[in-house]
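# Here is a sequence together with a model predicted from it:
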Amino acid sequence: MRDLDLTTLRLFVAACDLGNIARAGEQQHIGSSAISKRMAQLEEQVQAPLLERHRRGVAPTAAGLMLLEHARAMLASADRAARDMAAYQHGVKGQVRILASVSSIAESLPDDIAAFLQKPAHAQIRVDIEELTSSEIIRSIREGLALVGVCWNAADLEGLQTLPYRSDTLAVAVPAGHALASRKSCSFSETLDYEHVGLPASTAVYTMLARAAAIIGRPINYRAVVSSFDATIRCVRAGLGVAIMPQEIIRLAGQGQGVHMVPLADPWALRQFAICFRDGSRLSPAARTLVDYLAHCAQQP
């Protein structure tokens with residue numbers, strides 16, 4: 001099979017997203033007949049039907065959905081390459097894309113990267129941070145879609161090289177007047193007597209809590225599942241339930257605003273983050289410099 005043409009793939013993605021070849025042509029500034037011809041050539045090239053034509057437009061076939069996933073990744077990589085080259089021409093001599101979990105972004109990582117970029121020696125380095133779940137970070141690193149990730153070290157990091165990063169400690173966020181609010185500490189099992197507010201099942205915190213609950217042999221009764229720590233704090237403040245969250249986030253976002261923090265007494269409440277990458281010898285000089293700096297941050301008090 002000949003190499004896939006990026007322009008044709010871009011037109012294919014547009015047709016799938018818009019569900020209509022004519023609208024895809026308007027968006028991409030090309031005639032619909034030219035797109036139809038390219039789609040026919042693409043189907044011949046991959047030897048599979050990619051689009052189902054119907055009265056209102058088009059929809060991807062099963063093979064089309066498979067190609068669509070690959071096409072998005074290829075186009076994203078091409079766009080990143082173009083941005084990197086443009087940045088280089090404008091004097092940015094190094095660019096690092098780092099994938100990070102919501103917990104690491106909500107805590108120390110942005111401050112550490114800001115301190116890194118403020119150093120004169122790093123003035124020509126640019127860092128892009130993208131928030132993903134731990135599982136998405138690991139998959140992207142393994143597939144070569146990014147060079148560096150920061151996530152919980154208890155995730156499945158097999159096959160990747162890692163360095164220790166910072167740690168955090170989980171605690172219970174409870175609304176004012178809650179039965180646990182006056183406690184100096186409590187165990188996770190005690191929180192299971194109350195309704196919880198949690199993050200989606202794809203997150204590391206959800207996985208950790210599900211594992212801990214399974215060991216105890218009791219379920220977690222989720223009254224609400226939200227997408228961010230900020231939303232979690234708001235739900236706790238509103239009295240929808242308690243939430244297991246990093247202490248630092250509760251301290252910054254919740255305390256003094258109707259939310260109390262109760263430290264967890266369980267040993268697993270102390271979490272360690274890891275910097276992960278496929279091969280340290282293949283990191284760009286800018287990426288290697290950033291990785292070494294973040295690893296050094298982990299050694300600081």
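Okay, I see it.
# what distance separates the lowest-mean-pLDDT helix or strand in the chain from the centre of its chain?
In the chain, the helix or strand scored least confidently by mean pLDDT, DSSP states H and E is helix 62-89, which has a mean of 81. Put simply, helix 62-89 sits 18 Å off its chain's centre (C-alpha atoms, centre = their mean, to the nearest Å).
# repeat for stretch 182-190
Counting by C-alpha atoms, centre = their mean, stretch 182-190 comes out at 30 Å from the chain centroid.
# Same check on stretch 126-142?
Centroid displacement of stretch 126-142 relative to its chain, using C-alpha atoms, centre = their mean, is 5 Å.
# Identify the residues contacting it?
Applying C-beta atoms under 8 Å, 6 or more residues apart in numbering, the contact partners of stretch 126-142 are 87, 92, 94-102, 105, 109-110, 113, 116-117, 146-152, 155-157, 159-160, 200, 202-204, 207, 276-278, 290. C-beta here means a position set from N, CA and C on the backbone, and glycine is covered the same way.
# what about the strands in this protein?
In the chain, strands defined by DSSP state E lie at 51-54, 57-60, 94-100, 125-131, 148-152, 161-175, 196-198, 222-225, 243-246, 259-263, 270-277, listed in chain order.
# possible to save those as a markdown table with distance to Met66, mean neighbour count and mean pLDDT?
Listed next are those as a markdown table, based on distance: least, C-beta to C-beta, whole Å; neighbours: other C-beta atoms under 10 Å; pLDDT from 0 to 100:
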| stretch | distance to Met66 | mean neighbour count | mean pLDDT |
| --- | --- | --- | --- |
| strand 51-54 | 13 | 14 | 91 |
| strand 57-60 | 9 | 18 | 92 |
| strand 94-100 | 24 | 22 | 89 |
| strand 125-131 | 24 | 16 | 91 |
| strand 148-152 | 25 | 26 | 93 |
| strand 161-175 | 31 | 20 | 93 |
| strand 196-198 | 33 | 23 | 95 |
| strand 222-225 | 30 | 16 | 95 |
| strand 243-246 | 38 | 26 | 93 |
| strand 259-263 | 46 | 20 | 93 |
| strand 270-277 | 28 | 20 | 93 |
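# Need those strands in JSON lines (columns: distance to Ala212).
Listed next are the strands of the chain as JSON lines, based on distance: least, C-beta to C-beta, whole Å:
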{"stretch": "strand 51-54", "distance to Ala212": "46"}
{"stretch": "strand 57-60", "distance to Ala212": "41"}
{"stretch": "strand 94-100", "distance to Ala212": "24"}
{"stretch": "strand 125-131", "distance to Ala212": "24"}
{"stretch": "strand 148-152", "distance to Ala212": "14"}
{"stretch": "strand 161-175", "distance to Ala212": "10"}
{"stretch": "strand 196-198", "distance to Ala212": "12"}
{"stretch": "strand 222-225", "distance to Ala212": "14"}
{"stretch": "strand 243-246", "distance to Ala212": "9"}
{"stretch": "strand 259-263", "distance to Ala212": "15"}
{"stretch": "strand 270-277", "distance to Ala212": "12"}
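# Hmm, Leu4 is touching Leu50, no?
No - the pair Leu4 / Leu50 is not scored as a contact, 11.8 Å apart, by C-beta atoms under 8 Å.
# Identify the contacts common to these two.
Leu42.
# who has more neighbours, the two?
Leu50 (23 against 15; other C-beta atoms under 10 Å).
# Touching, the more buried one and Gln41? I think so.
No - counting by C-beta under 8 Å, Gln41 is not a contact partner of Leu50; they are 10.9 Å apart.
# For Gly64, the count of nearby residues, please.
Gly64, neighbours per other C-beta under 10 Å, totals 23.
# Thought Arg53 was touching it, still the case?
No - counting by C-beta under 8 Å, Gly64 does not reach Arg53; the two are 11.7 Å apart.
# Spell out for me which residue occupies the centre of the protein.
With distances taken as C-alpha atoms, centre = their mean, Leu132 lies nearest the centre of the chain, 0.3 Å away.
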